[in-house]
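1. Need a 3D model of the sequence below.
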Amino acid sequence: MSGRNAFYAQSGGVTSVINASAWGLIQGCRARPDTFGTVYAGREGIIGALDENLIDTSKFLDDTLEHLLWTPGGAFGSCRYKLKGIEQNRTEYERLIEVFDAHDIGYFFYNGGNDSMDTAHKVSLLASEMGYPLTCIGIPKTIDNDLAATDNCPGFGSVAKYVATSTAEAGYDIASMCGSSTKVFIMEVMGRHAGWIAAAAGLASERAEFPPHMILFPELTFDADDFLNEVDRCVADYGYCVVVASEGIAYADGTFVAESGVKDAFGHAQLGGVAPALAKLVGERTGHKYHYAIADYLQRSARHIASKTDLDQAIAVGEAAARYAAEGLQGVMPAIIRGDGDSYTWSIQPADLSDVANHEKFMPRDFITDNGYAITQAARDYLQPLIEGECFPPFKDGLPEYQRLDLERLVARKLAPRA
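-> Numbering: from 1, shown residues only. Have a look, this model is predicted:
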């Protein structure tokens with residue numbers, strides 16, 4: 001006899017390995033038929049639950065699901081949709097429980113970042129208050145690497161590998177032309193409040209003269225004059241200057257260098273592009289010829305250069321989520337714990353969602369050099385293992401052989417549409 005059904009949803013910005021977590025979870029549930037019935041996935045994340053658009057993953061054969069291990073994006077669809085506090089919008093939370101009850105769902109797995117862990121925590125509390133038996137487990141995912149209670153976050157290692165590689169490759173390009181062409185190259189990477197992705201670019205620099213010559217961290221105040229002086233110094237010393245800037249760098253008054261004045265669905269300030277803003281500053285104040293690039297979605301979708309460590313950890317947190325639920329744990333998230341010793345080891349342990357929800361993990365100051373423009377050896381020691389190992393997808397006709405799932409396999413609705 002099978003157990004109660006489970007609901008899985010992907011949330012927020014996706015990564016190149018989030019689908020591997022989905023694979024780990026689904027396989028973990030399939031291996032425990034006495035505990036889990038059908039695993040339903042929400043089409044477009046939590047919106048799929050609210051709208052009762054549920055995908056029956058039991059319809060997918062193991063061979064089909066295996067493609068999740070090397071396909072980027074969110075296979076079941078993700079969304080930027082933040083459920084407000086229970087006291088502000090109890091109706092939406094009650095709608096979730098209503099849908100879960102209609103489909104005999106006793107397990108809720110939410111795969112996302114800070115806001116998602118907060119949602120999973122709140123749903124857990126409300127289900128308990130309403131007397132509805134529901135096990136809520138968060139599954140960590142964020143390229144920003146800013147989740148508390150875990151050493152690092154699935155999705156980050158692959159972005160770090162992409163950014164470090166791109167920085168090195170662009171550096172060779174600029175160095176070959178700087179005598180008569182571009183002197184300054186600026187690459188913008190994601191990271192609103194935490195500079196982990198920008199820091200990863202520093203792995204490309206084996207010596208001071210190697211790019212990146214400057215890294216701009218959101219943890220430190222941006223000083224335009226000091227920045228421009230350092231650009232001039234690098235051009236004078238090395239012939240060119242490669243800058244990697246986190247999208248969230250801000251002035252002393254807290255204003256983002258690239259703030260657009262628009263809010264996104266989570267209520268965060270929409271950032272308008274720090275690279276062109278810095279490039280304009282360089283052009284107007286120094287006269288150096290410049291180019292810039294915005295890594296944007298390319299950095300988080302680059303499955304072709306994913307880190308094997310990252311892939312393994314993404315699978316592991318999905319598998320652990322199923323195991324924790326089967327063991328009766330409630331309101332937890334599988335966290336990655338770094339082992340002691342010179343060689344890199346890691347394990348998975350449960351962390352309470354209350355210790356993760358709405359907490360941000362920033363770059364430690366001792367990971368950043370005194371001048372504020374590079375990473376220290378401590379940062380290198382932390383970052384290096386996370387980008388190691390290759391796990392190339394299969395290729396066909398010269399391109400990665402990715403696969404889209406058939407998301408039309410929706411379960412028949414049992415409820416009226418939500419208001």
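
2. From G171, how far out is the residue nearest to I294 when sequence neighbours are not counted?
-> Once flanking residues are discounted, I294 sits nearest to E188: 4.6 Å by Cβ to Cβ, 6 or more residues apart in numbering. Bear in mind the C-beta positions are built from the backbone N, C-alpha and C, glycine included. From E188 across to G171, the span is 16 Å (Cβ to Cβ, to the nearest Å).

3. more crowded one of the two?
-> Comparing E188 with G171 by other Cβ atoms under 10 Å, the one with more neighbours is E188, at 28 against 20.

4. what's across from that one in the sheet?
-> Going by DSSP bridges, E188 is paired in beta bridges with A245, I294.

5. Quick check: pLDDT value at it.
-> Looking at E188, its pLDDT is 98.

6. Hmm, it is touching V257, no?
-> No - contact criterion Cβ atoms under 8 Å: E188 and V257 do not qualify, at 10.3 Å.

7. Please give me every residue in contact with the residue nearest to I294.
-> Applying Cβ atoms under 8 Å, 6 or more residues apart in numbering, we find E188 in contact with A245, S246, E247, G273, V274, A275, Y292, A293, I294, A295, D296.

8. again, 10 Å this time
-> Counting by Cβ atoms under 10 Å, 6 or more residues apart in numbering, E188 touches 198, 216, 243-247, 249, 258, 271, 273-279, 292-296, 299.

9. do S166 as well
-> Contacts for S166 (Cβ under 10 Å, 6+ apart) come out as M187, V189, A201, A204, V244, A293, A295, L298, Q299, A302, I305.

10. P364 now?
-> So P364 contacts E219, T376, A378, A379, Y382 (Cβ under 10 Å, 6+ apart).

11. Including pLDDT, neighbour count and secondary structure, could these go into CSV?
-> Output for these, formatted as CSV (pLDDT from 0 to 100; neighbours: other Cβ atoms under 10 Å; DSSP: H, G, I helix; E, B strand; the rest coil):
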residue, pLDDT, neighbour count, secondary structure
E219, 98, 22, coil
T376, 98, 17, coil
A378, 97, 12, helix
A379, 98, 22, helix
Y382, 98, 20, helix
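
12. from the residues you listed, which is closest to G73?
-> Y382 (27.8 Å; Cβ to Cβ).

13. Quickly list what L399 is bridged to.
-> With DSSP bridges as the rule, L399 is bridged to K396.

14. Tell me if I'm right that it and R303 touch.
-> No - L399 is beyond contact range of R303, at 11.8 Å (criterion: Cβ atoms under 10 Å).
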